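[1] kindly generate the corresponding structure for this input.
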Amino acid sequence: MSRACLLWAAALSLTGCCITPPPAAKYFDRESPEETFKGFVYAVDTHQWDYAYESLSESTQEKVGRLRFEVGIRFWKDPVFDVPIIEIVSNSVFHHGKTWIEGGSAKIAVVSTVCDIDFGATLFFVKTVDDEWRFDFLRTVEEFQQRIEEVSPSEDITRA
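    Alright, predicted model coming up:
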């Protein structure tokens, strides 16, 4: 009898790891920069590439393309600390500061702690003609690169 219970528990644990996460569109909208960003991070973290790509600004989509975006978001690392950029972006969703909205543009100040290093940066968003916010990923990446270049590997990095 205990062997049957053990097999049943093992079967349940195997099925539990294969459950598809809820679709991002069910829980997130793009009515604010914050919700757009949360939905984007959730979609990337759960590999819902269509929703993540649709959350990007039109200029980012035009310059990057869907396949390049998916590959880049998974594997691109900052050149100084060798930390995946998506890890920096994902961690910043919990530590965002003030949101500034001016017309059809918005930015959110964020701090992400990865490998005991605090990364401070600005996330950029644009509003569409349909009154939805989109994540300007390319402009944000440029901002990350500038911030990372400000800290050279030879400098003493204060660990958190």
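[2] state the distance from the one residue sitting closest to the centre of the chain to residue 62.
    By Cα atoms, centre = their mean, the chain has its centre lying nearest to residue 41, at 3.6 Å. Separation of residue 41 from residue 62 (Cβ to Cβ, to the nearest Å) stands at 22 Å. The way it works is simple: take the backbone N, C-alpha and C, and place the C-beta from them, glycine included.
[3] remind me which residues of this protein are low pLDDT?
    Judged by pLDDT under 70, the chain has its weakly predicted residues at 1-18, 78-81, 147-160.
[4] how about a cut-off of 90?
    Across the chain, the ranges flagged by pLDDT under 90 are 1-21, 45, 69-98, 109-122, 137-138, 140-160.
[5] sorry, back to before: what's the closest non-adjacent residue to the residue nearest to the centre of the chain?
    The shortest distance from residue 41 to any residue other than its chain neighbours is 4.7 Å, reached at residue 93 (Cβ to Cβ, 6 or more residues apart in numbering).
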